[in-house]
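Student: any chance you could fold what I've pasted below:
(2 chains)
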Amino acid sequence: MELIEKNTEKCLIIGINGRLDTINYSILEKRLMELLDQNTNRILINCSQMDYVSSSGLRILLMALKRITMAKGKFALCSLQENIREIFEISGFTTIFEIYPNEEDALRVF
Amino acid sequence: MENEKNDALPQKTGMRLLRSGGLAIRYTRFFILAFLFVFSIAFYYTFTYTRAILDEDAFQRASNITDLTISRISNVIKPVEQVPYTLSSALESDKPDYNMIRDLAKEFVLDDTVVFGSAIAFEPYMFDKKHYRHCSYVFETRNAIIERDLSSPEYDYLNKDWYRIPKILDKAVWSEPYYDKGGGDTLMCTYSVPFYHWINHKRVFAGVITMDISLQTFQHILKSARVSQTGFSYLLSRNGKLITPLGEKYVNTDIRKLILRKEGRAADSVIDKMLRGERMFVKITDLEHVKVPSLIYSAPVPHTNWIFAITFPTRELYGGLYDFFRKLTAIFLISLVAMIIITILITRKFIRPISRLVEATRRIGQGDFGTALPVYRSKDEISQLTNAFSLMKEELVHYISNLQEATAAREKMEGELSVAHDIQMGLLPKTFPVRDDWDLAALLDPARAVGGDLYDFYFLDNDHLFIAIGDVSGKGVPASLFMVSTRTLFRSRVSLRIPLNQSVYEINKEICRENPNQMFVTFIAGIVDLKNGSMTYCNAGHNPPFLIKPTGKTEKLREVHGIPLGVFEHATYSSGTVLFAPGDALLLYTDGVTEAIKSDKSFYGEKLMLEIVRQNHELTPSDLIRRLETDVLDFMKGVDQADDITLLILKSKQKPVQDNKAIFMKQIRLLNQLGELNRLVATLEQIADEWEIPPKVCMELNLILEELFTNVVFYAFDDGRDHEITVTFSRPRAGSVQVVLEDDGKEFNLLEKDTSENVNHPIEERPIGGLGIHFVKQLVNDIRYERLNGKNIVLLIRNY
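Tutor: This is a model prediction of the structure:
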């Protein structure tokens, strides 16, 4: 897995490239916690290149959402692959996360 | 520069030695004490001796002066005593011519320097019947002779001492000094000689004739009688009165009054002795007029009853001595200081090379063998010491370099041995293919880096397995080389075309041919027909193997088919056969197992080994071997492993019930490590590829298996050891995949965990975790859990 960060005026966009699973989720966890500690609390996760997500990965996203919500920031996901979107649906996360079909749509609400 | 640096340090060390009571201080202290001791003795002796000499000298001088003075006084006094006798004789004649006698006296007074007056005094009415008193006195003034009549009642000579005492004593006497008022009008002493008249043939006292001497006369004599500068001399009368003045005063004073009170009785006794007229020489510490310790020499003046005394202060006597010793002490102190400095300097000079040596030795001690020992030119003990150190350093360097070489060689050897160990272990086959019908496991624990035991197994063809175990006599590198060559021989010679015993015979011949060290190896080789379960084997002097029955009973295979290999070139070998029934296992081992020694020297033995086998016969060969190994190692705890431990178990499995539905089946064994997840995913993807599982389903299966696997890894074990997790994929029918996960961890039924509600909780209340199991439940078509034989078994079916 690879994280690609892109800073825009509105928010920080993090692209997740590859599999987000039990073995490597800590990379994302570490990075997100770092950002949150620096008060970066407007974050958009671009999932267009995320092939796989395990429950550990979802757990990190959930934690990030919780912390950012508490800090009155904004956290959203966009460009989920179809398979991944189904996982989100199964887990009920589609009701929790703000999920946008693509980056432009997402940025509009930031 | 370097020299300077080298110099600086030892100097510092030298100073340190000096401060911390090193040699310099000790020598200096010693020298000072010795010097003080010797000097004190010399000082005391010299002082005492010199003082004795001075005392003796003072005594001599005092004595001489006394004698001289006394003789001078005698010379003065003798005529004074002589003349009155002559005159008295004249006065005692029948018809004395008084005028003539008076003239004679007058003449004498005039002539004699000492006598200044002379009186002739008569008893009442002795001169004539008319006069009660008659006394005529002639005396000398500065330049004239005066005659004076002292007959007046006012003067009353009859009661004067100079008249009364000779009358009473009836002999001539010297008076005490007195001031003759109305007579001579001066301080004088009078010598009175009585004279007598014969009246009626009776001697009757008629009067006295006197000679007065002025005491000033003696002052002249005494002035020159001095021992020292402030010393002085004087005359005392028998009663202790001063006849001559002391410092212009005290004439006629009793000498006793002049002794200070504190002298007390001691002084009194000295004075008494003096006045008794003994010649003496004493030290007296306090005379009032001197007030310093003084010496007194006294002696009686003959004829008179006077005492001559000479006094001089000891201070003056010893003054020079004290002065001398004061200077001597000053010189001594200066030389002492000089001596201390010299001693310190010399000692430091001597110590410096030692200090340098100490410094250099210290550096050498720290491993700096490049340190040069200080050069010391003179040929003394220090140079010998330096040479000895130098020699020691060289020896040390030599020794250490040897040691380093030896250590390096040993390290190299150990390194090589470790490589040899790896190579040897690499030669041993490790994995037996997973089969339904047979299972095999083997183990070799070398006692040293490399061992002389061996085991081997390999397939001769699809249905024939070769197994072997051997034990080379000896241990270490030679044994391991022997073992390798034996193994190679077997690998090259054993073939299905030749009977096994024939191969063994050939191999033995080969081994014997090239065996200079007379090593040998006990060996069991066997060829197993995997299809019918029969094994042809040849035991060349090895420990008998055991056949383990499914019930746990063991059967010893006692057949021996020949002597160990390498003993005798022409040895022949036979062979035997064993039949494996389903469930039977063959246990091969070396004596490293049975002869493992405990700290109390007892052997592990067959009995214990078979007991473990009996208790654990249901285990797979690898588990049973591990169990045996653990048991043997426990048995030997605290004792070095003496011999290689080698075990091999071949088991004929009981045929599992065939699942006909499973057209395809794939199994993977994973360790309980998170990293194994990658292998699991890889296997899954491979299966998905082969079985044409759509990517979406594959991803979901991935998700499911990841959750189940990580769950086991995280929670099933807490003993920190490796465990095996088996994942078996199968396809019961087209469009369906079945996965079975087995682990021997803690019992955990994930299905009992209710997770359905979590999803709909508001975000803040939703617990993190537990999500995975929710996924699993959501994504499978069927899932079951079973606890069987101490294992968690999860079976799931996913259709596609």
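Student: the host helix or strand of residue B:714 near chain A anywhere?
Tutor: Using DSSP states H and E, residue B:714 maps to helix B:695-715. Yes. Residues of helix B:695-715 are located near chain A by CB under 8 Å from any CB of the partner chain, namely B:695-696, B:699-700, B:702-703, B:706-707, B:710. In short, each C-beta sits where N, CA and C put it, glycine included.
Student: give me the buried entries from these.
Tutor: Buried residues within these, counting neighbours by 16 or more other CB atoms under 10 Å in any protein chain shown: B:699-700, B:702-703, B:706-707, B:710.
Student: distance of the residue nearest to residue B:170 when sequence neighbours are not counted from chain A?
Tutor: Using CB to CB, 6 or more residues apart in numbering or on different chains and skipping residues adjacent in sequence, the residue nearest residue B:170 is residue B:194, 6.5 Å away. Applying CB to the nearest CB, to the nearest Å, the value for residue B:194 to chain A is 147 Å.
Student: returning to that earlier point: I'd like the distance from the helix holding residue B:714 to the chain centre, please.
Tutor: 71 Å (CA atoms, centre = their mean, to the nearest Å).
Student: swap in stretch B:439-458?
Tutor: Put simply, stretch B:439-458 sits 57 Å off its chain's centre (CA atoms, centre = their mean).
Student: enumerate the residues of chain A near chain B.
Tutor: Within chain A, the positions adjacent to chain B are A:21-23, A:51-52, A:54-56, A:58-59, A:62-63, A:65-66, A:69, A:82-83, A:86-87, A:90-92, A:96 by CB under 8 Å from any CB.
Student: can you do 10 Å?
Tutor: A:19, A:21-23, A:51-60, A:62-63, A:65-66, A:69-70, A:81-84, A:86-87, A:89-93, A:95-97 (CB under 10 Å from any CB of the partner chain).
Student: picking that back up, pLDDT added to the residues of helix B:695-715 next to chain A, as a markdown table?
Tutor: What follows is the residues of helix B:695-715 next to chain A, written out as a markdown table (pLDDT from 0 to 100):
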| residue | pLDDT |
| --- | --- |
| B:695 | 87 |
| B:696 | 87 |
| B:699 | 89 |
| B:700 | 89 |
| B:702 | 90 |
| B:703 | 89 |
| B:706 | 89 |
| B:707 | 88 |
| B:710 | 88 |
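Student: just give me the closest of the residues you listed to residue B:125.
Tutor: Of all the residues of helix B:695-715 next to chain A, residue B:125 sits closest to residue B:710, with 173.0 Å by CB to CB.
Student: does stretch B:726-741 come close to chain A?
Tutor: No. Stretch B:726-741 lies out of reach of chain A by CB under 10 Å from any CB, never closer than 15.3 Å.
Student: and the strands in the stretch 201-350 of chain B?
Tutor: According to DSSP state E, counting those that start in this stretch, the stretch 201-350 of chain B carries its strands in the segments B:202-214, B:232-236, B:280-284, B:294-301, B:306-313.
Student: of those, which is nearest residue B:36?
Tutor: Each of those was scored for nearness to residue B:36 using CB to CB, and the closest is strand B:280-284 (30.5 Å).
Student: ok, that closest one: who's next to it in the sheet?
Tutor: Partners of strand B:280-284 in the sheet, by DSSP bridges, are strand B:294-301 (antiparallel).
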